[in-house]
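Enquirer: need a 3D model of the sequence below.
(chains A, B, C and D)
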Protein chains: 2
Amino acid sequence: MTRGGDSGGGTGVDPQQLWLTPDRPRKGRRPAFTREAITAAAVALADAEGLDAVTMRRVAAEVGAGVMSLYSYAPDKETLLELMADHVSGELPTDTAPTGDWRADLKAIAHEQRALMLRHPWLPVTLATHRTPGPNTLAFLERALAALRPTGLDGAAKLEAFAQLTAFVAGYVSHEVTRAGSAHPPQRAAAEARYLQAVAADGRHPELAEVLAAPGRPLEPEAMFTRFLNRLIDGLATD
Amino acid sequence: MTRGGDSGGGTGVDPQQLWLTPDRPRKGRRPAFTREAITAAAVALADAEGLDAVTMRRVAAEVGAGVMSLYSYAPDKETLLELMADHVSGELPTDTAPTGDWRADLKAIAHEQRALMLRHPWLPVTLATHRTPGPNTLAFLERALAALRPTGLDGAAKLEAFAQLTAFVAGYVSHEVTRAGSAHPPQRAAAEARYLQAVAADGRHPELAEVLAAPGRPLEPEAMFTRFLNRLIDGLATD
DNA sequence: TACACTTCCCGTACGCTGTACGAGAATGAA
DNA sequence: TTCATTCTCGTACAGCGTACGGGAAGTGTA
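Expert: Coordinates of the predicted model:
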């Protein structure tokens, strides 16, 4: 750790130690890098080459540091991923005031989350496992809670509603980018189609055969998202 | 590859080569293991110790094989994960006939998926990245398509509806097990609570402060799931 | 100026991972 | 028996996260 020492002694890192750390001490050698710069480099790497490209060695090379220097800014790689997630969450608008129509507000929030995740396709993956909110995430949460105020839900329910909304968006986008991502080249899609056709031809999958025979037009992910989202939110606090 | 050779030459493995392979050839040494047994061992490992415990060495040791022998049954680890996912999908019921009430059928399907994922908490994670359906997954898909028949949706829409439903369930369960899983010991939860209290005390998060001051009673994940699910499905093909 | 003290940088090293390679064992066909 | 085929798996390698600890760079005190 840069400042404070890891006295937590459990699984993961004490969030208080991680996020609520004041200025650097007045003594000792001055840091050559910043947590900010390292995080930004890791994010750029993940955006450009995917999450697998984010290795401590690659990130260190990118910022011009030695590998082990990174550990002065984040205690381990898991934490670096958490820093990355909160870093990009800074792109989310936080100063939008509630309109009074909480459903509309929540829909806007979800659309912003989706846009963010489409810009950073690795985000849903990291969100699925790393769940200690940093300052940017908390600022966004603050806005979501404000939007949820008119619902009259109690505290736990509001938190849960936001968490579930985020999980839904992450799940949707995760699926969306898998379908259309770089990991799905035309050749692979064709092989998959051939495979499904072969399965459908075996006679024991009549429904699949019919679906493949009359596919209909492909669906807009955007419109699909909106529809699912509207349904989810419209019924959120009605029963 | 056991049989056929990997002539695909793209990203991943040709699904046809993987799933649609006939009996073993008539010549050559007889296999000492089965794909089935190896997959089952990997599943048992993941269930007992989590997905990280599933390494080629551990799996090989578990079945009593040499490490490299596994590569006769699955071309790489990614594929082994895919085999695992389809393996446990065999636990899903497939012979349930549609009742005519497609919404009720779909809700039942989602509840079965959730139960499966709770039994195998690693499943949502692997589903998020590995998406070539094996025979068991296809059998279940067949049932879902049958259930969706009364909706009158076209082929692509039916497939998409099923995929999105699965993504939703995976996202929900993923979040559910993170909250309550073994990776969330009381000590860690307490540290997180302390951290949030500290943030709320800074004055710039009034909504969060209020939420933490009046939390209300914790929510039942089961009831929450049902409510979300009902809302999602009830509005699925109405507009 | 000299020294102690603190803080940070980072080369080296270790155990772990997935898996390429190829030698050798087991089998069916000729 | 001999040959081709198929499977098993020991060895080896590059790459991973990161523990350790020596040296460099800064501040505060004498």
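Enquirer: the helices in chain A, which residues?
Expert: With DSSP state H as the criterion, chain A has helices at A:15-19, A:35-49, A:56-63, A:77-89, A:102-119, A:123-129, A:135-148, A:155-180, A:186-200, A:206-213, A:221-234.
Enquirer: show me the domain layout of chain A.
Expert: The record's domain split for chain A, according to automatic domain parsing, is A:15-89, A:102-234.
Enquirer: just name the most buried of the ones you listed.
Expert: Mean neighbour count (mean count of other CB atoms under 10 Å in any protein chain shown) peaks for domain A:102-234 among the domains of chain A, with a mean of 18. For the C-beta atoms, the positions are set from N, CA and C on the backbone; glycine is no exception.
Enquirer: average pLDDT for that domain, rounded please.
Expert: Mean per-residue pLDDT for domain A:102-234: 90.
Enquirer: repeat for stretch A:80-91
Expert: On average, stretch A:80-91 scores 97.
Enquirer: do that stretch and chain B meet at all?
Expert: No. Stretch A:80-91 is not in contact with chain B by CB under 8 Å from any CB of the partner chain; minimum separation 12.5 Å.
Enquirer: is stretch A:80-98 in proximity to DNA strand D?
Expert: No. Stretch A:80-98 stays out of contact with DNA strand D when judged by CB under 7 Å from any atom of the strand, the minimum separation being 7.6 Å.
Enquirer: kindly check the end-to-end length of that stretch for me.
Expert: 33 Å (CA to CA, to the nearest Å).
Enquirer: how about it against DNA strand C, any contact?
Expert: No. If you take CB under 7 Å from any atom of the strand as the test, stretch A:80-98 misses DNA strand C, and the best it gets is 14.1 Å.
Enquirer: residues making contact with that stretch?
Expert: A:18, A:35-36, A:38-40, A:42-43, A:46, A:54, A:56, A:59, A:70, A:74, A:105, A:108, A:112-113, A:116, A:119-120, A:123, A:126-127, A:130, A:132-137, A:139-140, A:142-143, A:146-147, A:149-150 (CB atoms under 8 Å, 6 or more residues apart in numbering or on different chains).
Enquirer: sorry, back to before: make a markdown table out of the domains of chain A and add distance to residue B:172.
Expert: Supplementary listing: the domains of chain A in a markdown table, determined by distance: least, CB to CB, whole Å:
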| stretch | distance to residue B:172 |
| --- | --- |
| domain A:15-89 | 20 |
| domain A:102-234 | 6 |
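Enquirer: now do the contacts for residue A:39.
Expert: Under the criterion of CB under 8 Å, 6+ apart, the neighbours of residue A:39 are A:80, A:83-84, A:87.
Enquirer: nearest spatial neighbour of residue A:63, skipping sequence neighbours?
Expert: residue A:41 (4.7 Å; CB to CB, 6 or more residues apart in numbering or on different chains).
Enquirer: how close does the residue in chain A sticking out farthest from the centre get to residue B:92?
Expert: Residue farthest from the centre of chain A, counting by CA atoms, centre = their mean, is residue A:203 at 41.3 Å. From residue A:203 over to residue B:92 the distance is 21 Å, taken as CB to CB, to the nearest Å.
Enquirer: with residue A:159 instead?
Expert: Distance, residue A:159 to residue B:92, using CB to CB: 32 Å.
Enquirer: repeat that for residue A:192.
Expert: From residue A:192 to residue B:92 the distance is 21 Å (CB to CB).
Enquirer: what's the answer for residue A:177, then?
Expert: Counting by CB to CB, the gap from residue A:177 to residue B:92 is 26 Å.
Enquirer: repeat for residue A:229
Expert: In terms of CB to CB, residue A:229 sits 27 Å off from residue B:92.
Enquirer: do the same with residue A:59
Expert: 41 Å.
Enquirer: before we move on, what about residue A:227?
Expert: Distance of residue A:227 to residue B:92, computed by CB to CB: 26 Å.
Enquirer: contacts only, for the residue nearest to residue A:35 when sequence neighbours are not counted.
Expert: Spatial nearest neighbour of residue A:35, excluding adjacent residues (CB to CB, 6+ apart): residue A:73 at 4.5 Å. Applying CB under 8 Å, 6+ apart to residue A:73 gives the contacts A:2, A:31, A:33-35, A:38.
Enquirer: what does residue A:148 give?
Expert: For residue A:148, the contact set (CB under 8 Å, 6+ apart) comprises A:102, A:106, A:158, A:161-162.
Enquirer: DNA strand D contacts on chain A?
Expert: Within chain A, the positions near DNA strand D by CB under 7 Å from any atom of the strand are A:26-30, A:54-58, A:67-68, A:71, A:76-78.
Enquirer: ok, now with 10 Å
Expert: Taking CB under 10 Å from any atom of the strand as the contact definition, chain A meets DNA strand D at A:6, A:25-32, A:51-61, A:66-72, A:74-81.
Enquirer: can you give me the pLDDT of residue A:47?
Expert: At residue A:47, pLDDT is 97.
Enquirer: apart from its neighbours in sequence, what residue is nearest it?
Expert: In space, residue A:47 is closest to residue A:120, 6.0 Å off (CB to CB, 6+ apart).
Enquirer: what about that neighbour, distance to residue A:54?
Expert: Counting by CB to CB, the gap from residue A:120 to residue A:54 is 12 Å.
Enquirer: measure the closest residue to residue A:74 other than its chain neighbours to residue A:86 for me?
Expert: Nearest residue to residue A:74 in three dimensions, chain neighbours excluded: residue A:80, at 4.4 Å (CB to CB, 6+ apart). Residue A:80 is 11 Å from residue A:86, where distance means CB to CB.
Enquirer: cool, residue A:185 as well?
Expert: 32 Å.
Enquirer: one more: residue A:113?
Expert: To residue A:86, residue A:113 is 14 Å away according to CB to CB.
Enquirer: what do you get for residue A:42?
Expert: According to CB to CB, residue A:42 stands 12 Å off from residue A:86.
Enquirer: likewise residue A:37?
Expert: Relative to residue A:86, and taking CB to CB, residue A:37 is found at 15 Å.
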